[in-house]
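K.L.:
Take a look and give me a structure for this.
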Amino acid sequence: MTAGSRGDAAPYTGLGHALERAGHRVTLVTHARFAPLAENAGIGFHPLPVDPRAELDTARGRALRGSATDAEQRARAFLLARQGARQMADGLLAAAQEADVLLVSSSLQLLGHTLAEGLGLPGMGVYLQPLHVTGEFAPSVLSTRSWGPAGNRIAARAVNSVVDAVYSGTARTLRARLGLPPSSTRAARRARERQRWPVRHGFSPLVVPRPRDWRPELTVDGYWWQHDPPGTGLPRHVRDFLDSGPPPVFVGLGSIPVRDPARVGATVVRALRAAGLRGVVQRGWSGLEADGDDMLTVGELPHAALFPETAAVVHHGGAGTTAAALRAGVPAVPLPLQLDTGFWAGRLTALGVAPPAVPLRRLTADALAAALLRVTTDPSYRERARALGARIRAEDGTAPVVAAVNRLAGT
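P.N.:
So this is what the prediction gives:
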């Protein structure tokens, strides 16, 4: 069970495919627009009613795009999530009633645990970001700056309380429908900890080492990749563009909403040309565009096929795109904006595969061109990215989860 953008769904297709190979019957429960991802992976699908892309074109979505500060955008995103949770409740319950084991993403942790408790099902979390309290770093959805062990723990508890509040109303409704006694979100979170609810994390310990102060049931297992059918490649026009000159730079903002996509697109093109680089610009949910023989505008493409052929990847710092660039072994220029994007951008810089981030709110052609020149002319970035990519590709993040599900299912 997962909700959010494409990056919140795609990694679970690889995990689901691995579970199918191990003999389980898997259903991906998420927004209807992501049904093709499940189909390509050969797993079942249960649609949820909310279309996160369409929400960006509503009055609430337009307000989200126009947020002047990170705090304002975060607050508007939480309001959208609260409304979406109410709309998805029936679909989540119906899917859970057909299940033997529940695997729940971080965005639906409170609702998933409520369903597991009410239906008497075994379950566990499958998270794409580190969200549990730790003194080793600040909350991944809040900041890249550490406030020290005590400050980091206080901040993480505060963030978790806010996240729980987003889903608290829907959780109360589900508890009543399932015949469970009323419970506060704080009590529900304490119950998860008391029950030692297991959580597997789908990112590499080479990127985020497992915090030493986590309880044993919180593991970092390695990435889960989107499953693409065998032979998945690039469209002919993309292949022709790649072959017509030196490796281009990929630029994509994924599902990040921006206030003025025309201005952002024009800024990106100026920066690429100032650095003497070609570009493959992905429209994404913001609708970026790039014109000229040295630029190619594309829709959704398999990152696993495209990224290894690029000089660098300029992206928003989402967990999925960050992982894909690392896997490809190419350097990055992160343009973080909201939620966990600053956290992943900071990790890329700390690992030496990206220069310091260029925050999207302060994006200028000069700043981006300088970062691009740095990452494409200093060979150390590519060397570190290539070495790290080889180690990440050697990991199998799905195997520990398959073993854990086998135990939960009694197989």
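K.L.:
mind listing the helices in the stretch 251-400 of the chain by residue range?
P.N.:
Under the criterion DSSP state H, counting those that start in this stretch, the stretch 251-400 of the chain contains helices at 261-274, 303-306, 319-328, 341-350, 365-377, 379-393, 398-409.
K.L.:
among the ones you listed, which is the most enclosed?
P.N.:
The highest mean neighbour count among the helices of the stretch 251-400 of the chain, using mean count of other CB atoms under 10 Å, belongs to helix 319-328: a mean of 26. Using the backbone N, CA and C atoms, a C-beta is placed for each residue, glycine as well.
K.L.:
how much space between the closest residue to L288 other than its chain neighbours and L103?
P.N.:
Distances taken as CB to CB, 6 or more residues apart in numbering place G265 nearest to L288, at 4.5 Å, with adjacent residues excluded. Applying CB to CB, to the nearest Å, the value for G265 to L103 is 38 Å.
K.L.:
What of P261?
P.N.:
In terms of CB to CB, P261 sits 35 Å off from L103.
K.L.:
circling back to that earlier point, in this structure the residue nearest to L288 contacts E289, no?
P.N.:
Yes. Shown here, G265 and E289 form a contact pair, counting by CB atoms under 8 Å, at 5.0 Å.
K.L.:
Now the common contact residues for the two.
P.N.:
V281 (CB atoms under 8 Å, 6 or more residues apart in numbering).
K.L.:
that older thread, if I pick the residue nearest to L288, what's in contact with it?
P.N.:
So G265 contacts V281, L288, E289, A290 (CB under 8 Å, 6+ apart).
K.L.:
One more: D240?
P.N.:
So D240 contacts nothing (CB under 8 Å, 6+ apart).
K.L.:
Report pLDDT for the residue positioned nearest the centre of the chain.
P.N.:
Computing the C-alpha centroid of the chain and ranking residues by CA atoms, centre = their mean puts A319 first, at 3.7 Å. pLDDT recorded at A319 is 91.
K.L.:
That one contacts R6, correct?
P.N.:
No. Using CB under 8 Å, A319 is not in contact with R6, being 11.4 Å away.
K.L.:
Flag the helix or strand of the protein with the lowest per-element mean pLDDT.
P.N.:
When the helices and strands of the chain are compared on mean pLDDT, DSSP states H and E, helix 59-65 comes out lowest with a mean of 67.
K.L.:
what packs against the helix or strand that that helix is followed by?
P.N.:
Later in the chain than helix 59-65, the nearest helix or strand by DSSP states H and E is helix 70-96. Here helix 70-96 is seen to pack against strand 27-31, strand 44-48, helix 52-55, helix 59-65, helix 109-119, helix 148-177 when contacts are counted using 3 or more CB pairs under 8 Å, 6 or more residues apart in numbering; DSSP states H and E.
K.L.:
mind giving me a markdown table with these and columns for mean neighbour count?
P.N.:
Below are the helices and strands packed on helix 70-96 laid out as a markdown table (neighbours: other CB atoms under 10 Å):
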| stretch | mean neighbour count |
| --- | --- |
| strand 27-31 | 24 |
| strand 44-48 | 19 |
| helix 52-55 | 16 |
| helix 59-65 | 15 |
| helix 109-119 | 22 |
| helix 148-177 | 17 |
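K.L.:
Now render those as JSON lines, adding distance to P246.
P.N.:
JSON lines is the format used below for the helices and strands packed on helix 70-96 (distance: least, CB to CB, whole Å):
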{"stretch": "strand 27-31", "distance to P246": "38"}
{"stretch": "strand 44-48", "distance to P246": "40"}
{"stretch": "helix 52-55", "distance to P246": "34"}
{"stretch": "helix 59-65", "distance to P246": "34"}
{"stretch": "helix 109-119", "distance to P246": "45"}
{"stretch": "helix 148-177", "distance to P246": "43"}
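K.L.:
what's the least confident stretch among those?
P.N.:
Among these, helix 59-65 scores lowest, at a mean of 67.
K.L.:
so what are the domain limits for the chain?
P.N.:
6-223+395-409, 236-393 (automatic domain parsing).
K.L.:
For the contacts of G265, pick the one with the most neighbours.
P.N.:
Using other CB atoms under 10 Å as the neighbour criterion, V281 leads those with 24 neighbours.
K.L.:
Just give the closest residue to the residue nearest to the centre of the chain, not the sequence neighbours.
P.N.:
L128 (4.7 Å).
K.L.:
mind checking how far the one you found is from T398?
P.N.:
14 Å.
K.L.:
so what's in contact with the two at the same time?
P.N.:
With CB under 8 Å, 6+ apart, L128 and T398 have no common neighbours.
K.L.:
Let me know how buried E136 is, in neighbour terms.
P.N.:
E136 - counted by other CB under 10 Å - has 16 other residues nearby.
K.L.:
And it, how close does it get to P211?
P.N.:
5 Å.
K.L.:
mind checking which of the helices of the stretch 251-400 of the chain is nearest V207?
P.N.:
The closest of these to V207 is helix 341-350. By CB to CB, the value is 5.6 Å.
K.L.:
and the angle from that closest one to helix 70-96?
P.N.:
100 degrees (axes from the mean of the first three to the mean of the last three CA atoms, to 10 degrees).
K.L.:
In this structure A390 contacts G329, no?
P.N.:
Yes. Counting by CB under 8 Å, G329 is a contact partner of A390 at 6.6 Å.
K.L.:
Can you list the low-confidence ranges for the chain?
P.N.:
Judged by pLDDT under 70, the chain has its weakly predicted residues at 60-74, 143-144, 411.
K.L.:
rerun at 80
P.N.:
52-82, 142-145, 185, 191, 257, 338, 411 (pLDDT under 80).
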